[in-house]
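**Q** no sequence for this one, just the structure:
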């Protein structure tokens with residue numbers, strides 16, 4: 001009888017302890033608030049600092065509404081990366097060299113033009129471009145001065161241009177899809193002085209021009225040699 005009473009007493013104590021623990025943990029769980037949705041952080045300017053507290057980057061929107069990201073190197077030479085998005089839809093990415101000058105620049109406009117420019121010592125030396133009409137072009141420069149352009153005309157024909165000291169076209173070579181070929185040599189002002197052409201892979205022609213661009217001599221493969229003066233016919237040789 002005594003043993004049975006002892007067993008009942010122990011069982012009662014265990015039940016009481018379990019009930020107390022259940023109530024305690026139930027209250028703790030009920031007190032934990034549900035997980036909140038992630039907060040949205042809003043600001044017009046952020047700074048990125050290294051472990052020493054030195055500013056290494058900036059992210060913000062300027063008064064003109066341009067969103068900019070600037071990343072700095074460990075030295076004081078200037079920004080190494082510049083990323084900008086303009087309200088008009090333009091976007092630019094600029095990479096700097098260890099001298100603080102532009103090394104590579106990428107541009108895109110909502111009109112459809114795309115440009116990648118390469119610099120040496122801060123001077124433009126190579127440019128890859130896609131015009132709004134989809135025509136590609138490659139430009140070679142010396143100390144920022146344009147020397148050669150290889151591209152495609154709006155009609156889809158291959159074109160090679162050389163430039164003189166006056167930045168005018170000095171030589172132009174065109175190869176058309178219909179078979180026409182032409183080589184044009186210009187004066188300092190860009191006026192044609194000599195033209196060598198091939199018409200539809202059949203007829204060849206050579207033209208000489210004065211400084212005003214007027215034809216002086218035309219040699220055709222008919223054969224014919226034509227002389228002109230101030231645009232007027234002077235003589236024809238068969």
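**A** Everything's here; your move. These figures come from a predicted structure and were not determined experimentally.

**Q** now for residue 125: which residues touch it?
**A** By Cβ atoms under 8 Å, 6 or more residues apart in numbering, the contact list for residue 125 reads 118, 119, 140, 141, 142. (Each C-beta comes from the backbone N, C-alpha and C, glycine too.)

**Q** just the buried ones from these?
**A** 119, 141 (16 or more other Cβ atoms under 10 Å).

**Q** pick the one among the contacts of residue 125 closest to residue 59.
**A** Using Cβ to Cβ, residue 119 is the member of the contacts of residue 125 that sits closest to residue 59, with 24.8 Å.

**Q** tell me the buried residues in the one helix or strand that closest one maps to?
**A** In the assignment (DSSP states H and E), residue 119 maps to strand 114-120. For strand 114-120, burial by neighbour count (16+ other Cβ under 10 Å) applies to 115, 117, 119, 120.

**Q** what's the most distant pair in those residues?
**A** Maximum pairwise distance among those (Cβ to Cβ): 16.9 Å, between 115 and 120.

**Q** how far off centre is stretch 186-200?
**A** Stretch 186-200 sits 34 Å away from the centroid of its parent chain (Cα atoms, centre = their mean, to the nearest Å).

**Q** ditto for stretch 148-165
**A** Distance of stretch 148-165 from its chain centroid, counting by Cα atoms, centre = their mean, is 20 Å.

**Q** what do you get for stretch 49-66?
**A** Taking mean C-alpha positions (Cα atoms, centre = their mean), stretch 49-66 and its chain are 23 Å apart.

**Q** ok, now stretch 157-171?
**A** 24 Å.

**Q** that stretch: end-to-end distance?
**A** Its first and final residues considered, stretch 157-171 spans 16 Å by Cα to Cα, to the nearest Å.

**Q** contacts for that stretch?
**A** For stretch 157-171, the surrounding residues in contact (Cβ under 8 Å, 6+ apart) are 145-153, 172-177, 183-186, 188-190.

**Q** narrow those residues to those in strands?
**A** Applying DSSP state E to these, the entries found in strands are 145-152, 172-175, 183-186.

**Q** please report which of those residues has the highest neighbour count.
**A** residue 186 (22 neighbours; other Cβ atoms under 10 Å).

**Q** bridged to it, which residues?
**A** As for beta bridges, residue 186 partners with residue 192 under DSSP bridges.

**Q** repeat for residue 70
**A** Taking DSSP bridges as the rule, residue 70 bridges to residue 58, residue 82.

**Q** check contacts around it.
**A** For residue 70, the contacting residues are 57, 58, 59, 79, 81, 82, 83, by Cβ under 8 Å, 6+ apart.

**Q** one more: residue 206?
**A** By Cβ under 8 Å, 6+ apart, the contact set of residue 206 is 194, 195, 196, 197, 217, 218, 219.

**Q** hang on, the third one packs against residue 180?
**A** When you say that, I think you mean residue 196. No: if you go by Cβ atoms under 8 Å, residue 196 and residue 180 don't touch, sitting 11.9 Å apart.

**Q** contacts for stretch 74-88?
**A** If you take Cβ under 8 Å, 6+ apart as the criterion, stretch 74-88 is touched by 50, 56, 64-73, 91-96, 98-101, 110.

**Q** neighbouring contacts of stretch 176-183?
**A** With Cβ under 8 Å, 6+ apart as the criterion, stretch 176-183 contacts 155-157, 171-175, 195-202.

**Q** weed out the non-buried ones from the contacts of residue 206.
**A** 195, 218, 219.

**Q** may I see those residues arranged in TSV, with secondary structure as well?
**A** As requested, the buried ones among the contacts of residue 206 are exported to TSV (DSSP: H, G, I helix; E, B strand; the rest coil):
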residue	secondary structure
195	strand
218	strand
219	strand
